[in-house]
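Novice: Provided below are the primary sequence and the corresponding predicted coordinates.
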Amino acid sequence: MKYIFAGDRDIALSVLSYLMQQGYEPAALLVSGEDRASHAEELISLSRLPQELIFRGVDFKAPGAIALFEELQPDYIIGIHFPYIIRKEVLNIPKIGFLNLHPAYLPYNRGWHTPTWAILEGTPIGATLHFMSEELDAGDIIHQKQLDVLPNDTANSLYRRLKDLELDVFKEAFPSIIKLEPNGQVQNLSLGTSHNRKDLFKPEVQEINLEEEYKAGELLKKLRALTTNSLAEAAYFEKNGKKYRVQIQITEEKNIAK
């Protein structure tokens, strides 16, 4: 199996580490640019590739980069939380396909902020390995697993559990990947949901109106869904011309001494 690896975040580091532990070295590496990267340097160090085989940010879209990828003749490009739109000319390079690992139970929650929307809308959540297509998160499903949302889950805690599940999904699909026989199942997109990056920041999603009455369960759901690792994504209310962000922590009671 010959592959080009494209990724970011700690889950990308985990998947690349697993691949290399199994004896499969990347032929080239695509990492996020400085404005988006969280684990680019760690991925570069792990890959042990020379600089001419490492592409940062949108450099992978350059004609010279595409020519190099075509020359490498990879079976796959493996994308793990790689935050860029992939054009058709790149999608068509690998012999078998561009694989993408997504923290959602497709076709539900295609796009961004999947834990948040799963909590807000009560949609199924999980992890899916699928073929990437020109339409966002719409390619054929190779393997997926569902995850139960716990009563004490916030979007942040759910996302951490989803990344663990993503690694499990990739490992379970790995035998079919190395055999070059990953079978894809067509998604029924009419049953699913999709959100873009900007949807989360709409006032109707984030704002708590202090003059409005809420059911306790609905308010709690909003606070859980908007508690992420970013304060800018949190629910807020306004008072005296100032905006106040709200994040919560929910702890299951276990054997508390009285």
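Specialist: Perfect, I can see it now.

Novice: thinking Ser32 is in contact with Ala12, fair?
Specialist: No: using Cβ atoms under 8 Å, Ser32 is not in contact with Ala12, being 9.4 Å away. All C-beta atoms are positioned from the backbone trio N, CA, C, and that covers glycine.

Novice: neighbour count winner among these two?
Specialist: Ala12 (28 against 23; other Cβ atoms under 10 Å).

Novice: next, show the common contact partners of Ser32 and Ala12.
Specialist: Common contacts of Ser32 and Ala12 (Cβ atoms under 8 Å, 6 or more residues apart in numbering): Phe82.

Novice: surely Leu231 touches Val246?
Specialist: No: contact criterion Cβ under 8 Å: Leu231 and Val246 do not qualify, at 9.8 Å.

Novice: what about those two, which has more around it?
Specialist: Val246 (16 against 11).

Novice: partners of the more buried one in the sheet?
Specialist: For Val246, the beta-bridge partners under DSSP bridges are Ala235.

Novice: who's in contact with stretch 55-67?
Specialist: Under Cβ under 8 Å, 6+ apart, the answer for stretch 55-67 is 6, 28-37, 40, 69, 84, 87, 89-90, 93.

Novice: which of those fall in strands?
Specialist: 6, 28-31 (DSSP state E).

Novice: show me which of those are buried.
Specialist: Among these, the ones that count as buried by 16 or more other Cβ atoms under 10 Å are 6, 28-31.

Novice: quick one: the helices in the stretch 101-250 of the chain, in order.
Specialist: Using DSSP state H, counting those that start in this stretch, the helices of the stretch 101-250 of the chain run over residues 114-121, 155-178, 203-206, 216-225.

Novice: so what's the predicted local confidence for Arg36?
Specialist: Looking at Arg36, its pLDDT is 74.

Novice: check contacts around the closest residue to it other than its chain neighbours.
Specialist: The shortest distance from Arg36 to any non-neighbouring residue, by Cβ to Cβ, 6 or more residues apart in numbering, is to Pro83 (5.4 Å). Pro83 makes contacts with 8, 32, 36, as judged by Cβ under 8 Å, 6+ apart.

Novice: kind regards, and thank you for your time.
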